[in-house]
Structures are given as C-alpha cells and as structure tokens.
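Novice: This is a predicted model, with the sequence first.
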Amino acid sequence: MEHIILTALIVLGIIIVISIMMQPSKQQDALSALSGGASDLFQAQKSRGFESVMKRATAVMGVIWLLLGLLFMILQNR
C-alpha cells in the first residue's frame with residue numbers, strides 16, 4: 001500500500017509541475033513591471049478558458065497531493 005501511495009505522490013508531483021509550467025504568464029515581460037507598466041500588473045482580471053481550467057486543475061491536484069502525503073506519513077508511522 002505504501003509503495004502505491006509513494007508512486008502516486010511522485011507521478012502527481014510531476015503532473016503538478018507540468019501543469020504549473022503550462023499556465024500562461026500574467027506579465028508580458030519583466031521590464032514592464034519595472035518601468036511604467038506596473039499599473040496594469042495588479043489589476044484584477046478574471047481568468048477565462050484554458051487559464052481557468054489550469055488554475056482549478058492545479059489546485060485540485062495540489063490538494064490531492066497534500067492528502068496523499070499525509071496518508072503516506074500516517075501509514076509510515078504505524
């Protein structure tokens with residue numbers, strides 16, 4: 001059982017990293033934040049489409065990863 005949970009943790013961790021890397025960048029370029037473009041940087045914009053799906057999927061996978069990690073710790077301490 002512990003090997004299955006450990007394997008799931010590793011695979012899910014890799015998938016989380018990939019999903020984070022697939023999310024679009026909020027900032028056009030780093031120089032715009034340092035120059036005059038900083039006013040647009042902190043505006044509240046609602047995510048839509050692909051961005052929204054990726055945010056939710058990453059959050060759900062993160063919660064599952066955390067719960068699997070806690071379950072793995074509990075099983076290891078028995």
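Specialist: It's in.
Novice: Okay, and the residue minimising distance to the centre of the chain sits in which element?
Specialist: The centroid of the chain falls nearest to residue 58 when counting by C-alpha atoms, centre = their mean (4.1 Å). According to DSSP states H and E, residue 58 maps onto helix 50-77.
Novice: which ones are touching the residue nearest to the centre of the chain?
Specialist: 16, 19-20, 23 (C-beta atoms under 8 Å, 6 or more residues apart in numbering). Heads up, the C-betas are built off the backbone N, CA and C, glycines and all.
Novice: Identify the farthest-apart pair in these.
Specialist: 16 and 23 (11.2 Å; C-beta to C-beta).
Novice: Point out where the chain drops to low pLDDT.
Specialist: 26-47 (pLDDT under 70).
Novice: Ramachandran angles for the closest residue to residue 54 other than its chain neighbours?
Specialist: By the measure of C-beta to C-beta, 6 or more residues apart in numbering, the closest residue to residue 54 outside its immediate chain neighbours is residue 23, 4.8 Å from it. Dihedral angles of residue 23 (phi, psi; degrees, to the nearest 10) stand at phi -70, psi 140.
Novice: Please tell me I have it right and residue 23 contacts residue 51.
Specialist: Yes. The criterion here is C-beta atoms under 8 Å, and residue 23 meets it with residue 51 at 6.7 Å.
Novice: burial count for the residue nearest to residue 54?
Specialist: Applying other C-beta atoms under 10 Å, we find 15 residues neighbouring residue 23.
Novice: Let me see the contact set for it.
Specialist: Going by C-beta under 8 Å, 6+ apart, residue 23 touches 51, 54-55, 58.
Novice: now swap in residue 12 and tell me
Specialist: Listed by C-beta under 8 Å, 6+ apart, the contact set of residue 12 reads 61, 64-65, 68.
Novice: Show me the contacts of residue 58 that map onto helices.
Specialist: 16, 19-20 (DSSP state H).
Novice: Could you report the distance from the residue lying farthest from the centre of the chain to residue 72?
Specialist: Within the chain, the residue lying farthest from the chain centre (C-alpha atoms, centre = their mean) is residue 78, at 30.5 Å. When C-beta to C-beta, to the nearest Å is the yardstick, residue 78 and residue 72 sit 11 Å from each other.
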